[in-house]
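Participant: Provide a 3D model corresponding to the input given below.
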Amino acid sequence: MIDMEYNIEDVKARVKAKMFLTLGAGLAALTCYGAKKTEQPNIVFILADDLGYGDVSALNENSKIKTPSIDALADNGVVFTDCHSSSSVSTPTRYGILTGRYNWRSKLKKGVLNGYSPPLIPSSRTTMASMLKKSGYNTACIGKWHLGWTWDNIKKGNDSVNFSKPITDGPVSLGFDYFYGFSASLDMPPYVYVENNMPTALPDRKTSGKGMQMWREGPTASDFNHRNTLSHLVDKAVEYIENQSDNKYFYLYLPLPAPHTPILPSENFAGKSGLNPYGDFVMEVDFMVGRIVKALQDNGLYDNTLIVFTSDNGCSPAANIEDLQALGHNPSCIYRGHKADLYEGGHRIPCIMTWGKLLKHRKINQTVCLTDFFSTFASMTGYTVKDDEGEDSYDLSPILFPTFEDIQNGIDTDKKIVREATVHHSINGNFTIRSGEWKLLLAPSSGGWSYPRPDRDTTAIATLPEIQLYNIKNDPAETTNVYAEHPEVVDKLRNILNGYIRNGRSTPGKPQKNS
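Facilitator: Just a heads-up that it's a prediction; the model follows:
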């Protein structure tokens, strides 16, 4: 039986009243009871930066960090226990979320962009924002961009940027009606806020930080303070929510700069976790999530707002993971590795989705990817995805919203498998592919920053097989490489991946070209 709480008579009444929202493939979902707008939801997509799966106490029973606000979302919504980012680092994951396309199809084949990098997403490509804008949404991005844009005078070098002039090729060129944020990670210069296309203040000094509070030296604007960046951006997001009304749907993409370095919890959270500054910073992130939820509630928007909370990749070793583990907290929970890796700790991330009274608490245990929200939102808003859009995005509606027949017949929607396979990418540009219980790593190393690290542990790597195969169901910690015992599985996964590469897509449709 489906692990959801539905009133069957209420469902029948809504069917008769034709108050269902038609989703893709003949799917129907209930509109939110009591909300003023019933056709489709507002959307708030909160993306934490470097937050591990095990950092959320609702997901990790042994967590030493308490996250009551995120836990409340889990208690009132869908928890994806096997959700993954397409990459184990920042820029590629953000590309995948906004385009519904695997990052390695873009020009960026490894690593991340910096604060002066040119735009990764061409203006010709449909993004989640431009798609939702076509569906009538007011769209906004507030926070960390990290997908590149063009600074004025950048062709003459980073030191020649004219911060008194507008940027081009940024978020407002990709479908966002409003943008407020900064160019890359909070540890990458320049440290300048941009509102829409215009820097809000000129750099008047150079700053830097060390240790867990590290940020690279660079020009810093007069209104930019690293320590209050998180709260400042959430202030802006709350202000944006307060300015919304029932007259138009809105989509708020909120990529937070934390708990990424510089790890700078405010005074109110310093020492609160009893672990280290990273634990304190995670607690502050949780508090900020609570502020967003409260703003929606206070403005009568919560019941018809779909909220997604997730992270771009796993926890960074900058958090001093070994020290956290010594105190009983593992940011990767039971999984191996961390940010940058092919291992689960690099790309298995927390992911929770709520929608007022529509989505009751339950767990979805099948593999999904952050690229999937592109097609899911398209389906929910009546947008038809074209062949050259969302090439690696699967509509999650069939497992999120059971039909009346599903409920009546006791069909477990989680058994409607959405993905044939899911591809992940490491900072080093290595691949891993997962299908069902099997995961194939096309490298002898972690592909990232944990042991065996490709750029440091070369002697050990030379003694290892060139590939790794793990049964994630039986061996979630990826301890036993069974590639030799299952050559047929290796061949099957290789063939699937090769097909995805050749076809320029992993979803059904006309073949496309990779960049």
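
Participant: now the end-to-end length of stretch 329-341.
Facilitator: Distances were taken as CA to CA, to the nearest Å; on that basis the terminal residues of stretch 329-341 are 19 Å apart.

Participant: list the buried residues in it.
Facilitator: Neighbour-count burial for stretch 329-341, with 16 or more other CB atoms under 10 Å as criterion, is recorded at His329, Asn330, Pro331, Ser332, Cys333, Tyr335, Arg336, Gly337, His338, Lys339, Ala340, Asp341. Where you see a C-beta, it was placed from the backbone N, CA and C, and this is true even at glycine.

Participant: redo these as JSON lines? Include pLDDT.
Facilitator: Listed next are the buried residues of stretch 329-341 as JSON lines, based on pLDDT from 0 to 100:
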{"residue": "His329", "pLDDT": "98"}
{"residue": "Asn330", "pLDDT": "98"}
{"residue": "Pro331", "pLDDT": "98"}
{"residue": "Ser332", "pLDDT": "98"}
{"residue": "Cys333", "pLDDT": "98"}
{"residue": "Tyr335", "pLDDT": "98"}
{"residue": "Arg336", "pLDDT": "98"}
{"residue": "Gly337", "pLDDT": "98"}
{"residue": "His338", "pLDDT": "98"}
{"residue": "Lys339", "pLDDT": "98"}
{"residue": "Ala340", "pLDDT": "98"}
{"residue": "Asp341", "pLDDT": "98"}
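
Participant: taking those residues, tell me the two that lie furthest apart.
Facilitator: Across those, the two members that end up farthest from each other (CB to CB) are His329 and Ala340, 19.9 Å apart.

Participant: between the buried residues of stretch 329-341, which is nearest Ser435?
Facilitator: For the buried residues of stretch 329-341, the nearest to Ser435 is Tyr335 (18.0 Å; CB to CB).

Participant: next up, phi/psi of the spatially closest residue to the closest one that is not a sequence neighbour, please.
Facilitator: Distances taken as CB to CB, 6 or more residues apart in numbering put Glu344 closest to Tyr335, at 3.7 Å, once the chain neighbours are dropped. According to degrees, to the nearest 10, the main-chain angles of Glu344 amount to phi -50, psi -40.

Participant: state the distance from Cys143 to Glu420.
Facilitator: In this structure residue 143 is Gly, not Cys. Counting by CB to CB, to the nearest Å, the separation of Gly143 from Glu420 is 33 Å.

Participant: for those two, indicate the residue with more neighbours.
Facilitator: Set side by side, Gly143 and Glu420 show more neighbours around Gly143, with 25 against 13, by other CB atoms under 10 Å.

Participant: Asp491 should be in a helix, yeah?
Facilitator: Yes - following the definition DSSP: H, G, I helix; E, B strand; the rest coil, Asp491 is counted among the residues of a helix.

Participant: neighbours of it, how many?
Facilitator: Using other CB under 10 Å: Asp491 sits among 11 other residues.

Participant: spit out the contact partners of it.
Facilitator: Shown here is Asp491, which makes no contacts under the criterion CB atoms under 8 Å, 6 or more residues apart in numbering.

Participant: now stretch 174-183: mean pLDDT?
Facilitator: Regarding stretch 174-183, the rounded mean pLDDT is 98.

Participant: then it to CSV, C-alphas only?
Facilitator: Presented in CSV, the C-alpha positions along stretch 174-183 are these (Å, rounded to 0.1, in the frame of the first residue of the first chain):
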residue,chain,number,x,y,z
LEU,A,174,18.9,33.1,-19.2
GLY,A,175,15.4,33.6,-18.1
PHE,A,176,15.6,35.2,-14.7
ASP,A,177,13.5,38.4,-14.2
TYR,A,178,15.5,39.3,-11.2
PHE,A,179,19.0,38.4,-9.9
TYR,A,180,20.9,39.4,-6.8
GLY,A,181,24.1,37.6,-5.9
PHE,A,182,27.7,37.1,-6.8
SER,A,183,29.7,35.5,-9.5
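
Participant: quick check: longest helix of the chain.
Facilitator: The helix spanning the most residues in the chain, taking DSSP state H as the definition, is helix 277-298.

Participant: and it, what other elements does it pack with?
Facilitator: strand 42-48, helix 68-75, helix 229-242, strand 305-311 (3 or more CB pairs under 8 Å, 6 or more residues apart in numbering; DSSP states H and E).

Participant: tell me which residues in the longest one are buried?
Facilitator: The neighbour-count check on helix 229-242 (16+ other CB under 10 Å) flags Thr229, Leu230, Ser231, His232, Leu233, Val234, Lys236, Ala237, Val238, Tyr240, Ile241 as buried.

Participant: helices along the stretch 51-200 of the chain, start to end?
Facilitator: For the stretch 51-200 of the chain, helices defined by DSSP state H, counting those that start in this stretch occupy the ranges 68-75, 90-99, 128-134.

Participant: can you tell me how far the spatially closest residue to Val194 that is not a sequence neighbour is from Asn225?
Facilitator: Nearest residue to Val194 in three dimensions, chain neighbours excluded: Ile167, at 6.0 Å (CB to CB, 6+ apart). Look at Ile167 and Asn225: by CB to CB, they are 21 Å apart.

Participant: so for these two, which sits in the more crowded spot?
Facilitator: For Ile167 versus Asn225, the count of surrounding residues by other CB under 10 Å is larger for Ile167: 24 against 14.

Participant: show the pLDDT at the more buried one.
Facilitator: With respect to pLDDT, Ile167 scores 98.

Participant: any idea how far it is from His232?
Facilitator: Summarising the geometry, the distance separating Ile167 from His232, computed by CB to CB, is 19 Å.

Participant: Ile334 now?
Facilitator: Distance of Ile334 to His232, given as CB to CB: 36 Å.

Participant: try Phe45
Facilitator: Relative to His232, and taking CB to CB, Phe45 is found at 19 Å.

Participant: same question for Gln297.
Facilitator: Summarising the geometry, the distance separating Gln297 from His232, computed by CB to CB, is 22 Å.

Participant: do the same with Lys360
Facilitator: Distance check for Lys360 against His232: by CB to CB, it reads 35 Å.

Participant: equivalent analysis for Ser332, please.
Facilitator: According to CB to CB, Ser332 and His232 sit 30 Å apart.

Participant: now do Ser445, the pLDDT please.
Facilitator: 98.

Participant: list the contacts for the closest residue to Asn138 other than its chain neighbours?
Facilitator: Distance criterion CB to CB, 6+ apart; nearest residue to Asn138, sequence neighbours excluded, is Phe250 at 4.4 Å. Contacts here follow CB under 8 Å, 6+ apart; on that basis Phe250 touches Asn42, Ile43, Tyr137, Asn138, Thr139, Ala140, Tyr240, Gln244.

Participant: surely the first one and Asp246 touch.
Facilitator: No - with contacts defined as CB atoms under 8 Å, Asn42 does not count as touching Asp246, sitting 9.8 Å away.

Participant: ok, the two, which is more surrounded?
Facilitator: Asn42 (25 against 13).

Participant: and that one, what does it touch?
Facilitator: Taking CB under 8 Å, 6+ apart, we find Asn42 in contact with Gln244, Tyr249, Phe250, Tyr251, Leu252, Leu301, Asn304, Thr305, Leu306.

Participant: and Phe373, what is it in contact with?
Facilitator: Taking CB under 8 Å, 6+ apart as the contact definition, Phe373 lies against Phe45, Ile97, Gly100, Met128, Val308, Ser393, Leu396.

Participant: ranges for the strands of the stretch 151-300 of the chain?
Facilitator: Listed in chain order, the strands of the stretch 151-300 of the chain (DSSP state E, counting those that start in this stretch) span residues 178-182, 194-195, 198-199, 203-209, 215-221, 250-255.

Participant: let me know which of those is tucked in deepest.
Facilitator: With neighbours defined by mean count of other CB atoms under 10 Å, none of the strands of the stretch 151-300 of the chain is more surrounded on average than strand 250-255, at a mean of 26.
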